[in-house]
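S.K.: Have a look at this prediction, sequence included:
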Amino acid sequence: MRSYIILISALVLALLALLVQAEEPQGAKKVTAVEVHEILASVSNWGRWGDDDELGTLNLITPRKRRQAASLVRAGISISMAHDVIKERIDGSSPFEHELMVNATRGGVGGAGDRYSVQYHGFTQTHLDALFHIFYQGKTYNGYSVEEILTSGSGKLSINRVRNGVFTRAVLMDIPALLGVQYLEGGRAIYPEDLDAWEKKAGVRVRAGDAVLINTGRWTRREQEGAWDIMAGSAGLHVTCLKWLKDRDVALVGSDLALDAMPSGCDEIELPVHLGVIVQMGMPILDCCDFRAVSAEAQKRKQWTFLITLAPLAVEGGTGSPINPIATF
């Protein structure tokens, strides 16, 4: 009888250990630099739209694609996917500086103006990465030489190439909703099978020219847990998702942090997804979005696709732009 009780106790303890292990945040699976380089080479779009191309995957947003996206608008409800600018230094990122200037009143008429200053790349301000934001081994998307672009002042691959804006179908991939949690903890990596599972749950398949938006619940996590070391434990895509994005011909990808799982799983390369998306595929990235409002609306409607519109600042030579992406149902 005693041995029977001991056996049952051991089984219970083993089961509890498995449950605890299942609840622990899943860090990114380890990959070597060689494996990352093989993945990067396999997703290259260099030369696909010509040797002089500077639009990259935005070429996939055709007039037909825009018309299809416009047809999604039925309720006429628009929701911002930008986080309010953050005017203090948090998460290791620079604050948005705002100086209000009030003009002297003359004849009873006054006015006010502003001075804005922002170093938007980082982990707080919602922004769009241009294709000149990231380069690797001296090369940018489509094989342009970084040194040549800098010395010539040509503005190649700058944000001004997107001055006509983006207007396409977006697919919100709400990974916390998939897993039945409020937010992803720690450095939980998102894998292709997670993206497939979300498609099945939402009844949606990502198609060529779509914008894919990855919700990790970052802002909810920050509200509940407080600040953390972003580079040491943040949920995001694993490098193995690059082939998934390439195979689906995604035009634009975004998330509520910096897209990559951090740490990435590769000791030698910190942001391999950024490298694959921007440098190899030529795909702009939306960083630091706030999907809480749009997620609530999508859940209410049971509709995970909508029109996305965004228009960056027209800055020749700019590496990106603060942005306010809009979802319209």
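M.R.: Nice, I can see it.
S.K.: Give me the neighbour count for the residue lying closest to Gly236 once chain neighbours are set aside.
M.R.: Counting by Cβ to Cβ, 6 or more residues apart in numbering, Ala261 is the residue found nearest to Gly236 once chain neighbours are left out, at 4.1 Å. C-beta here means a position set from N, CA and C on the backbone, and glycine is covered the same way. A count of nearby residues for Ala261, using other Cβ atoms under 10 Å, gives 31.
S.K.: isn't Ala261 right next to Gly187, touching?
M.R.: Yes - with contact defined as Cβ atoms under 8 Å, Ala261 and Gly187 form a contacting pair (5.7 Å).
S.K.: so what's in contact with those two at the same time?
M.R.: Counting by Cβ atoms under 8 Å, 6 or more residues apart in numbering, the residues touching both Ala261 and Gly187 are Gly27, Ala28, Ser234, Ala235.
S.K.: Next, count neighbours for the spatially closest residue to Arg115 that is not a sequence neighbour.
M.R.: The spatially closest residue to Arg115, leaving aside those adjacent along the chain, is Glu99, at 4.2 Å (Cβ to Cβ, 6+ apart). In terms of burial, Glu99 registers 9 neighbours under the definition other Cβ under 10 Å.
S.K.: Quick check: Glu99 is in a strand.
M.R.: Yes - secondary structure of Glu99, determined by DSSP: H, G, I helix; E, B strand; the rest coil: located in a strand.
S.K.: Tell me how many other residues crowd Arg248.
M.R.: Using other Cβ under 10 Å, Arg248 is surrounded by 18 other residues.
S.K.: What does the pLDDT read for it?
M.R.: Here, the pLDDT recorded for Arg248 equals 98.
S.K.: What segments of this structure are helices?
M.R.: Chain-ordered helices for the chain, with DSSP state H as the definition, fall at 2-23, 33-42, 63-70, 146-152, 175-179, 192-202, 218-225, 241-247, 272-274, 292-301.
S.K.: Let me know which of the ones you listed is tucked in deepest.
M.R.: helix 272-274 (a mean of 26; mean count of other Cβ atoms under 10 Å).
S.K.: For Ile61, see how far away Gly186 is.
M.R.: 35 Å (Cβ to Cβ, to the nearest Å).
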